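> can't give you the sequence, but here's the structure:
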């Protein structure tokens, strides 16, 4: 049943396209190199309905990592768990919202079975601490939402 739900949800996101990092505008890869083995950046029609996409800068990546780590630390302390970000893959959806603020939607997961997670958005409705997501407002340097999936 879980597999069927995952397949249906993944098929909904098949229209998502991976967005390449344009190094000439935002990043000097000689100084900064996001881990493309663990991070995929997406531009999707879903994001475009709420706002427009933007290019992540080195400072954006640093702020994202700081805010994710802080959220995980708070969650681990509150629930007595040991989520370790280094063990997770991440999918980023950067957008400019209706208020002209930079936001990023982040999907984190410990494994992705039977999909190419760098090309297809992963959405799972359960799976426990193996899956969590965040919505971050980079302009305000604030986590808007942090949620860990429930267990079935």
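Alright, I've got the coordinates. Keep in mind the model is a prediction, meaning the values are calculated, not measured.
> lowest confidence element among the helices and strands of this structure?
Using mean pLDDT, DSSP states H and E, strand 17-18 stands out as the lowest-scoring helix or strand of the chain, at a mean of 34.
> identify the bridge partners of the residue nearest the centre of the chain.
The centroid of the chain falls nearest to residue 106 when counting by C-alpha atoms, centre = their mean (2.0 Å). In this entry, residue 106 is beta-bridged to residue 92, residue 134, by DSSP bridges.
> ok, residue 60 - contacts?
When contacts are counted by C-beta atoms under 8 Å, 6 or more residues apart in numbering, residue 60 touches 94, 102, 104, 138. Quick note: C-beta positions are derived from backbone N, CA and C, even for glycine.
> tell me the one of those nearest residue 76?
Nearest to residue 76, judged by C-beta to C-beta, of these is residue 104 at 21.7 Å.
> for the closest one, give me its contacts.
Residue 104 sits in contact with 56, 60, 64, 92-95, 135-136, 138, where contact means C-beta under 8 Å, 6+ apart.
> redo that, cut-off 6 Å
By C-beta atoms under 6 Å, 6 or more residues apart in numbering, the residues touching residue 104 are 92, 94, 136.
> helix or strand: which one has it?
Assessed by DSSP states H and E, residue 104 sits inside strand 102-109.
> centre of the chain versus that strand, how much separation?
3 Å (C-alpha atoms, centre = their mean, to the nearest Å).
> and for stretch 83-99?
On C-alpha atoms, centre = their mean, the centre of stretch 83-99 falls 2 Å from that of its chain.
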